[in-house]
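A.B. asks: Need coordinates for the following:
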Amino acid sequence: LRKEGPGFDLPMAMGILGAMGTVTNGKPMLLAGELALDGMLRPVRGALPMAIMARDRGIETVLLPMENAMEASVVDGVRVYG
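C.D. replies: Next up, the predicted model:
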């Protein structure tokens, strides 16, 4: 199936980096953002519900584009990095 839109670009890039051993953590974390062609993360909608969902599922770390970090940081129980 042909990929349409940018929705899977970040997960595919992180999967490749993980398979190469470049990114290793061992702890679950939530990553969100639209991966631009220049490698930067573009902001996304729904940062607050994502942070709430992460907290509810026991995910302590949330990585988001800088523009979304303030919105997600109001949720107690998660560390948000922009």
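A.B. asks: Please count neighbours and contacts with C-alpha atoms only from this point.
C.D. replies: Will do.
A.B. asks: which outside residues touch the lowest-mean-pLDDT helix or strand in the chain?
C.D. replies: Comparing helices and strands within the chain by mean pLDDT, DSSP states H and E singles out helix 9-20 as the least confident, with a mean of 86. For helix 9-20, contacts defined as Cα atoms under 8 Å, 6 or more residues apart in numbering pick out 23-24, 32-35.
A.B. asks: Check which residues of that helix are buried.
C.D. replies: 9-10 (16 or more other Cα atoms under 10 Å).
A.B. asks: Show me what the following helix or strand past that helix is packed up against.
C.D. replies: Next helix or strand after helix 9-20 toward the C-terminus (DSSP states H and E): strand 29-31. Contact partners of strand 29-31 among helices and strands, from 3 or more Cα pairs under 8 Å, 6 or more residues apart in numbering; DSSP states H and E: strand 61-63.
A.B. asks: If we go by neighbour counts, what in the helix or strand hosting residue 50 is buried?
C.D. replies: Residue 50 belongs to helix 47-56 when assigned by DSSP H and E. By 16+ other Cα under 10 Å, the buried positions in helix 47-56 come out as 47-48, 50-52, 54-55.
A.B. asks: returning to that earlier point: how far does the least confident helix or strand of the chain sit from its chain's centre?
C.D. replies: The chain centre lies 12 Å from the centre of helix 9-20; the measure is Cα atoms, centre = their mean, to the nearest Å.
A.B. asks: Can you report how many residues lie near residue 28?
C.D. replies: Counted by other Cα atoms under 10 Å, the residues lying close to residue 28 total 13.
A.B. asks: how close does it get to residue 78?
C.D. replies: Distance from residue 28 to residue 78, counting by Cα to Cα, to the nearest Å: 12 Å.
A.B. asks: shared neighbours, those two?
C.D. replies: Common neighbours of residue 28 and residue 78 (Cα under 8 Å, 6+ apart) are 59-61.
A.B. asks: possible to save these as CSV with pLDDT, distance to residue 70 and neighbour count?
C.D. replies: As requested, the shared contacts of residue 28 and residue 78 are exported to CSV (pLDDT from 0 to 100; distance: Cα to Cα, whole Å; neighbours: other Cα atoms under 10 Å):
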residue, pLDDT, distance to residue 70, neighbour count
59, 95, 18, 18
60, 93, 16, 18
61, 93, 14, 19
